[in-house]
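>>> No sequence on hand, only this structure:
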C-alpha cells in the first residue's frame, strides 16, 4: 500500500464577485496577461477562470437573482468573495474545524466548479473571511 503524497495547504484560488464579467475580464486577461482557464458555472454564478501562477482567480458574475453571489454583490458590492485553500485531507480538515468550534456551511463536501470536492466555512468563525476548502 502506498502512502498518499502530502502537499500541504496552499491557496487554490480566490473568488471575486463582479456585477458583469464583461466589465472586469479585460483587466485580468488583457492588462495582467492572465491566461483563461475553462471553468464550469456553479451555484448560480457564471465563472471566468484565470491562471495566476499555481493559483486561480475566479471572477463570479451572478446568473440567478437569489444566488449567493447575487446576494453578496447586492449587499456589499463587487469585491473579494472568498479564498479557497486546497488541503490534503478535506474530510479530516472539516472534522478538525468542527472540533475547534468552527461553524461549517457545508457539513459534508460537495462538488465545486472545478469538479473537485469542496466545503465552505462560515466567515463568523474565520475572522470575517468566507473560506472554501478543496481537495487537490
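All right, it came through fine. Source: prediction; values computed, not measured.

>>> Tell me where the model's unsure across this protein.
Regions of the chain meeting the criterion pLDDT under 70 cover residues 1.

>>> for the spatially most central residue of it, which residues make a bridge with it?
Note on the chain: the residue nearest the mean C-alpha position is residue 84, at 4.5 Å, using C-alpha atoms, centre = their mean. Counting by DSSP bridges, residue 84 forms beta bridges with residue 13, residue 132.

>>> go on, residue 104?
residue 121.

>>> quick revisit: contacts only, for the residue nearest to the centre of the chain.
The contact partners of residue 84, by C-beta atoms under 8 Å, 6 or more residues apart in numbering, come to 11, 12, 13, 14, 15, 118, 131, 132, 133, 134. Every C-beta, even on glycine, is put in place using the N, C-alpha and C of the backbone.

>>> May I see these organised as JSON lines, with distance to residue 61 and neighbour count added?
Output for those, formatted as JSON lines (distance: C-beta to C-beta, whole Å; neighbours: other C-beta atoms under 10 Å):
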{"residue": "11", "distance to residue 61": "22", "neighbour count": "14"}
{"residue": "12", "distance to residue 61": "20", "neighbour count": "23"}
{"residue": "13", "distance to residue 61": "16", "neighbour count": "25"}
{"residue": "14", "distance to residue 61": "15", "neighbour count": "16"}
{"residue": "15", "distance to residue 61": "11", "neighbour count": "22"}
{"residue": "118", "distance to residue 61": "19", "neighbour count": "21"}
{"residue": "131", "distance to residue 61": "21", "neighbour count": "19"}
{"residue": "132", "distance to residue 61": "18", "neighbour count": "23"}
{"residue": "133", "distance to residue 61": "23", "neighbour count": "25"}
{"residue": "134", "distance to residue 61": "21", "neighbour count": "19"}
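
>>> Where does residue 119 sit: helix, strand or coil?
strand (DSSP: H, G, I helix; E, B strand; the rest coil).
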